[in-house]
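Trainee: Sequence and computational prediction follow.
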Amino acid sequence: MPGQIFISYSRVDTEFVTRLINDLNRQGLNIWMDQRNIGAGQRWDSIIQDALESCDIFMIVLSPYSVESENVLDELSFAINGNKRIIPILLDNCEIPYRLARFQFVDFANNYQTGFHHLISEITQQSPQRPIVIKKRSEDLRPIYWLAGAVIALLCCFALGVGMYM
């Protein structure tokens, strides 16, 4: 089981996030949420930074509101720069932030239960975020093209030289 899970979201989506956190807590997961984990009188910016630094998983709830939030985007940048495991949760269709566009998301937009089961399986995987493998072509054709171009250039020079000689 992972350690602490940080959840980033817009306050507009609090109802969904509260339901999700309650369901995740019932699964025995340790979820960090600003509204539950920042006490009165505490400096929220340093508390959030501490939580981001110590989390094992960064979950971001994607909605039209969260992708417009500077705080959410700052938290996302911190998580990416800190090489955190990132699990985007699509709550509502929205424009995905550029730095997050290559990450596969868990879809809650169509069905909560389906999304929740998918999320649990992703969180509890032994080898999360499998590496992306880019397959190289078996042969790199650039040297062949370069060589062909050089031969054609030499033949043209030869033909031009012969033409001028005559």
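Mentor: Arrived safely, thanks for sending. Note that the structure is predicted; figures quoted are calculated from it, not measured.

Trainee: Now do the helix or strand containing Gly163: distance to the chain's middle.
Mentor: Following DSSP states H and E, one finds Gly163 within helix 142-165. Between the centre of helix 142-165 and the centre of its chain there are 49 Å (C-alpha atoms, centre = their mean, to the nearest Å).

Trainee: Helices of this protein, residue ranges please.
Mentor: Taking DSSP state H as the criterion, the chain carries its helices at 14-26, 34-37, 44-54, 70-81, 112-123, 142-165.

Trainee: Among those, which comes closest to Arg99?
Mentor: helix 70-81 (5.8 Å; C-beta to C-beta). To be clear about C-beta, it is placed using only N, CA and C from the backbone, and glycine gets the same treatment.

Trainee: what's the offset of that closest one from the middle of its chain?
Mentor: Worked out by C-alpha atoms, centre = their mean, helix 70-81 lies 11 Å from the chain centre.

Trainee: ditto for stretch 20-34
Mentor: 21 Å.

Trainee: what's the lowest-mean-pLDDT helix or strand in the chain packed up against?
Mentor: Every helix and strand of the chain was ranked by mean pLDDT, DSSP states H and E. The lowest is helix 34-37, at a mean of 69. Applying 3 or more C-beta pairs under 8 Å, 6 or more residues apart in numbering; DSSP states H and E, we find helix 34-37 packed against helix 44-54.

Trainee: got the angle for the helix it packs on vs helix 70-81?
Mentor: 30 degrees (axes from the mean of the first three to the mean of the last three C-alpha atoms, to 10 degrees).

Trainee: List the contacts of helix 44-54.
Mentor: 3-4, 6, 32, 34, 37-38, 58, 75, 78-79, 82, 84 (C-beta atoms under 8 Å, 6 or more residues apart in numbering).

Trainee: Just give me the least confident of the residues you listed.
Mentor: Taking those together, the minimum pLDDT is found at Asn37 (61).

Trainee: got the contact list for the most centrally placed residue in the chain?
Mentor: The structure's the chain has its C-alpha centroid closest to Phe103; by C-alpha atoms, centre = their mean the separation is 3.5 Å. By C-beta under 8 Å, 6+ apart, Phe103 lies in contact with 86, 88.
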